[in-house]
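S.K.: Using only what follows, build the 3D model:
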Amino acid sequence: MRRFLIRVQSAGQRAVGISTAVCMTLSASFAHADCSTDAMIVFDGSGSMAEMGFNQIDEPRIFEARRAVRQVMPQIALNRRIGLIVYGPDTSGQGDQCSGIDLKFPPRANAAGLVVEAINALEPEGQTALTEAVNQAAQVLDYTKKPGTIVLVTDGKETCGGQTCALAAELAASGPATTVHVIGFKVRGAHFGWQSQGQTSYNTATSAAKCLATRTGGEYVSTETVEELIAAMQRTLGCALLY
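M.R.: The predicted model follows:
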């Protein structure tokens, strides 16, 4: 099992010889999320979530993402109000590949079943309008008037012309109590070389959406496996006292 990689490590995680399982537990236990505030998950449902094969991915990203969501949401949703926005699939029927931003529901108590149902039913397609999706999540949270948390799960970069880092600056200035965490799931670089082996700049790429986390005091977390995605969601959405 590959180790859970985060940009900010606790002292315990830096200790030599800690096993992967313990490291993941520590990641969750040091979560700084305030579960008294509402949270919005912004979930990538764009066509790239269905990719596999040539990009060193054994099965479509969405398969593993569904498994992670099924495992982690029942724990997290017990103790905080959570809402969900999915971007990618065009629900308008107009054929616009960038219009598919779907507010499934605003924050509510005990939302695990609703989140799992929505992600299980998700059939990835369309482009990556992540900037507008995060903006809409902030509006749902009424971000200029009260604190909130946004967790963006994405496999790549904005492809619909949104100015991601400009939005990050706006959120930081107008919603100082709004935190955006970005979970990069199997993010891949722009160029793939068939001769590459092991870890390369292609399969260790960072999402351009990282600035959303950097500017708002959140974290950017790189994940490759189901276990890492679960740990990242626990860390960014969970309550420290529960793990």
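
S.K.: How confident was the prediction at the residue nearest the centre of the chain?
M.R.: With distances taken as CA atoms, centre = their mean, Val153 lies nearest the centre of the chain, 2.0 Å away. The per-residue pLDDT reported for Val153 equals 97.

S.K.: quick one, what contacts it?
M.R.: With contact taken as CB atoms under 8 Å, 6 or more residues apart in numbering, Val153 is in contact with 41-44, 65, 183, 185, 229, 233. Every residue, glycine included, has its C-beta placed from N, CA and C.

S.K.: other SSEs contacting the helix or strand where Ala166 lies?
M.R.: Assigned by DSSP states H and E, Ala166 belongs to helix 164-174. Judged by 3 or more CB pairs under 8 Å, 6 or more residues apart in numbering; DSSP states H and E, the packing partners of helix 164-174 are helix 130-140, strand 178-185, helix 210-216.

S.K.: Neighbouring strands of the second one in the sheet, and parallel or not?
M.R.: For strand 178-185, sheet partners with direction are given as strand 148-154 (parallel), strand 220-223 (parallel), following DSSP bridges.

S.K.: Format the CA atom coordinates belonging to that strand as CSV.
M.R.: The C-alpha coordinates for strand 178-185 follow below in CSV (Å, rounded to 0.1, in the frame of the first residue of the first chain):
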residue,chain,number,x,y,z
THR,A,178,-14.0,30.2,4.2
THR,A,179,-11.5,27.4,3.8
VAL,A,180,-11.0,25.4,0.6
HIS,A,181,-9.2,22.1,0.7
VAL,A,182,-8.2,20.5,-2.6
ILE,A,183,-7.8,16.7,-3.0
GLY,A,184,-6.0,15.8,-6.2
PHE,A,185,-7.0,12.3,-7.1
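
S.K.: Run through who's touching that strand.
M.R.: Here strand 178-185 has contacts from 44, 61, 65, 134, 138, 141, 143, 147-155, 168, 171, 206-207, 209-210, 212-213, 216-224, 229, 232-233, 236, using CB under 8 Å, 6+ apart.

S.K.: So which of the helices and strands packed on helix 164-174 is nearest Ile101?
M.R.: Nearest of the helices and strands packed on helix 164-174 to Ile101, taken as CB to CB: helix 130-140 at 5.0 Å.

S.K.: Measure how the closest one sits relative to strand 148-154, angle-wise.
M.R.: Orientation check (axes from the mean of the first three to the mean of the last three CA atoms, to 10 degrees): helix 130-140 against strand 148-154 gives 160 degrees.

S.K.: what about helix 130-140, distance to the chain center?
M.R.: Counting by CA atoms, centre = their mean, to the nearest Å, helix 130-140 is centred 13 Å from the centre of its parent chain.

S.K.: Quick check: buried residues in that helix?
M.R.: Neighbour-count burial for helix 130-140 flags 130-138, 140 (criterion: 16 or more other CB atoms under 10 Å).
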